[in-house]
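Chemist: coords please:
(one chain, ligands or ions: 1)
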Amino acid sequence: MAVRRGDLVEVVAGNQAGKRGQVLKILRVRSQVVVQGVNMRKKHQKQQQTGGQRPLSAGIVEFEGPLHISNVMVVCSKCDAAVRLGTQREGGKVLRTCKKCNTVVDK
Ligand SMILES: [Zn+2]
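Modeler: This is a model prediction of the structure:
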């Protein structure tokens, strides 16, 4: 998969299209990603008793819902746009590059 945790991605399809954020989590089995600040969901959390520990407080909890991986694209910092990625070999390592400007995306 081209998208990795920590990447800045842009949502290119669906009702969250146009939003940008950092990848927080990758759900490999379901081919989904969780992106910071995108697809916010609200959950009405009931007060919970967690065996001896601090009880989970009740209230409305906001959290990011998952998106399908095909709906996001990595943002190239140089082009400032959602781009396709290519690869480039450098001493045994495979680096991801922007297909538009050939800048290495990986840090
Ligand atoms: Zn680029």
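
Chemist: For the nearest residue to Pro66 once chain neighbours are set aside, list the residues it contacts.
Modeler: Leaving aside its chain neighbours, Pro66 sits nearest to Gln32 (3.9 Å; criterion: CB to CB, 6 or more residues apart in numbering). Where C-beta positions appear, they are placed from N, C-alpha and C, glycine not excepted. Counting by CB atoms under 8 Å, 6 or more residues apart in numbering, Gln32 touches 26, 66-69.

Chemist: what does Val94 give?
Modeler: Contact partners of Val94, counting by CB under 8 Å, 6+ apart, are 87-88.

Chemist: Any buried residues in the helix or strand containing it, and which?
Modeler: Element membership for Val94 (DSSP states H and E) is strand 93-98. Across strand 93-98, burial judged by 16 or more other CB atoms under 10 Å covers 96-98.

Chemist: again, but for stretch 14-32
Modeler: Residues 16, 19, 21, 23, 26, 32 are the ones in stretch 14-32 that count as buried (16+ other CB under 10 Å).

Chemist: Just checking the distance from it to the centre of its chain.
Modeler: Taking CA atoms, centre = their mean, to the nearest Å, one finds the center of stretch 14-32 at 4 Å from the center of the full chain.

Chemist: Repeat that for stretch 53-68.
Modeler: Distance of stretch 53-68 from the chain centroid (CA atoms, centre = their mean) equals 18 Å.

Chemist: What are the buried residues along that stretch?
Modeler: Using 16+ other CB under 10 Å as the test for burial, stretch 53-68 gives 64, 66-67.

Chemist: any chance of these in a markdown table, with pLDDT, distance to the ion and secondary structure too?
Modeler: Putting these into a markdown table (pLDDT from 0 to 100; distance: CB to the ion, whole Å; DSSP: H, G, I helix; E, B strand; the rest coil) gives the following:
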| residue | pLDDT | distance to the ion | secondary structure |
| --- | --- | --- | --- |
| Glu64 | 97 | 26 | strand |
| Pro66 | 97 | 27 | strand |
| Leu67 | 96 | 22 | strand |
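
Chemist: Touching stretch 46-64 from outside, list them.
Modeler: The contact list for stretch 46-64 (CB under 8 Å, 6+ apart) reads 24, 34-45.
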